[in-house]
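>>> Whatever this is, show me its structure:
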Amino acid sequence: MTNGVFDVAVLVGSLRKESFNLKLAKAMQQVAPQNLKLEVVEIRELPLYNEDLEADAPAAWTAFRDAIRSKDAVLFLTPEYNRSVPGALKNAIDVGSRPYGKSVFTKKPAAVASLTGGALGAFGANHHLRQSLVFLDMPTLQMPELYLGGAAKMFDADGSFAQDSTKELIVKFLTEFASWIETTRQK
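Numbers count the residues shown, from 1 in each chain. The predicted structure follows:
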């Protein structure tokens, strides 16, 4: 926390250049309350987790771990692949949680938002991700839940939310997340 502002790592599960979840991260940055600073922490260059590499950990692993360690909280944004999270996001979780006993995620407040082009809002991925966060000992915002469908119509040409109702929902979610971070940090 710097000057009353929580630094939040945003992990985007989709690697696609025109990712809806990356657009969501950028749009969230535009409407976040003043006490949240959202920063996307890149995961696309992380080599697959392999415990054999720990003796001489890849530089990308070290940079990722340091980036997460320096943040007050983590916001996970995920699409849904086969009723679960994308492999790149799961790999980032594995890299950050290892070696065993040295997880950079432990006790960091977390929130999950899922976005997809379909109608279900990546419900399966959202809940599957939450299972991992329980094991990682990350106190995770329970309400409001955020499952967003219809991603193709969610953003206007400049990347802002196309509908005021969506913007209001996101502002409410982020405001609650800021309160959650404050509450969990006081414990």
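
>>> Run through this protein and note the low-pLDDT ranges.
Residues of the chain meeting the criterion pLDDT under 70: 118-121, 187.

>>> mind listing the strands in it by residue range?
6-12, 36-40, 73-78, 110-115, 146-148 (DSSP state E).

>>> who are the neighbours in contact with the one residue sitting closest to the centre of the chain?
With distances taken as Cα atoms, centre = their mean, residue 76 lies nearest the centre of the chain, 1.6 Å away. Each residue near residue 76 by Cβ atoms under 8 Å, 6 or more residues apart in numbering is listed here: 11, 13, 89, 110, 111, 112, 113, 129, 133. Using the backbone N, CA and C atoms, a C-beta is placed for each residue, glycine as well.

>>> And for residue 146?
Going by Cβ under 8 Å, 6+ apart, residue 146 touches 111, 112, 113, 114, 126, 169, 170, 173.

>>> This structure: helices as residue ranges?
Taking DSSP state H, the helices of the chain run over residues 20-31, 59-69, 87-97, 123-135, 164-185.

>>> quick revisit: residue 81: which of the contacts of residue 76 is nearest?
Closest approach between those and residue 81, by Cβ to Cβ: residue 13, at 8.4 Å.

>>> Thought residue 78 was touching the closest one, still the case?
Yes. Residue 13 lies in contact with residue 78 (Cβ atoms under 8 Å); the separation is 3.7 Å.

>>> and for the two, which residues touch both?
Common neighbours of residue 13 and residue 78 are listed as 21, 85, 86, 89, 125 (criterion: Cβ under 8 Å, 6+ apart).

>>> Please determine how far the nearest residue to residue 132 once chain neighbours are set aside is located from residue 36.
Excluding the flanking residues, the one nearest residue 132 by Cβ to Cβ, 6 or more residues apart in numbering is residue 93, at 5.7 Å. From residue 93 over to residue 36 the distance is 22 Å, taken as Cβ to Cβ, to the nearest Å.
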